[in-house]
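Participant: Coordinates for the following, if possible.
(one chain, ligands or ions: 2)
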Amino acid sequence: MASQPFWEVTPLHRMTTVQWEALCDRCGRCCLEKLTNRRNGKVYYTSIACPLLDPASCQCRDYRDRRRHVPNCLQLTPRNLPSCRWLPRTCAYRLLLEDKPLPEWHPLVSGDPDAVHAAGISIRGKELHALPTEGVPLESYIVDWGIWAKKARVD
Ligand code: SF4
Ligand code: SF4
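Facilitator: Ligands and ions are numbered 1, 2, ... in the order given. Predicted structure coming up:
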């Protein structure tokens, strides 16, 4: 009998470092600047990307040493995950925290690291900006996150 995949049977706080890291689908979405509505707490993603984000691979250019360049980059852990309400709905960490299954395009499910890009979930091919243009409000850079979420079929 085939054994169940580790993410279905292992609680997040019991995962090994390798398992925990494997949950990341490498979408790159969490490395975009976000805006939070102070009144209702709603989070909006913008097309302003972290300077270390590589738009082709959708990964950090210097993950191991990233805090030397971006001191406020958060290390996601099982402990701080529940407070990271800004993670996108498609994020595997958020999905498992909410007792939802991983989608079919997730690399662990599909076996294909490119499936996340083919499904339009990642930042690959999206119009990104390094910095906001002077005088242009950050709100102008909000991306249509709803479309991405719909494609992800996790709503
Ligand atoms: S949003 Fe989640 S799955 Fe996507 S890159 Fe960030 S941590 Fe990984
Ligand atoms: S430093 Fe790296 S991991 Fe952190 S937000 Fe920037 S690109 Fe993402």
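
Participant: Which positions within stretch 76-84 qualify as buried?
Facilitator: Going by neighbour count (16 or more other C-beta atoms under 10 Å), the buried part of stretch 76-84 is 76, 81. From N, CA and C alone the C-beta is placed, and that goes for glycine too.

Participant: Just the mean pLDDT for stretch 71-80, thanks.
Facilitator: The pLDDT scores in stretch 71-80 average 96.

Participant: From the rest of the structure, what touches that stretch?
Facilitator: Contacts to stretch 71-80, defined as C-beta atoms under 8 Å, 6 or more residues apart in numbering, come from residues 12, 13, 15, 20, 50, 52, 66, 67, 84, 93.

Participant: What about the nearest residue to the fifth one once chain neighbours are set aside, how many residues nearby?
Facilitator: Nearest non-adjacent residue to residue 50, counting by C-beta to C-beta, 6 or more residues apart in numbering: residue 31, 4.5 Å away. Residue 31 is surrounded by 21 other residues when neighbours are defined as other C-beta atoms under 10 Å.
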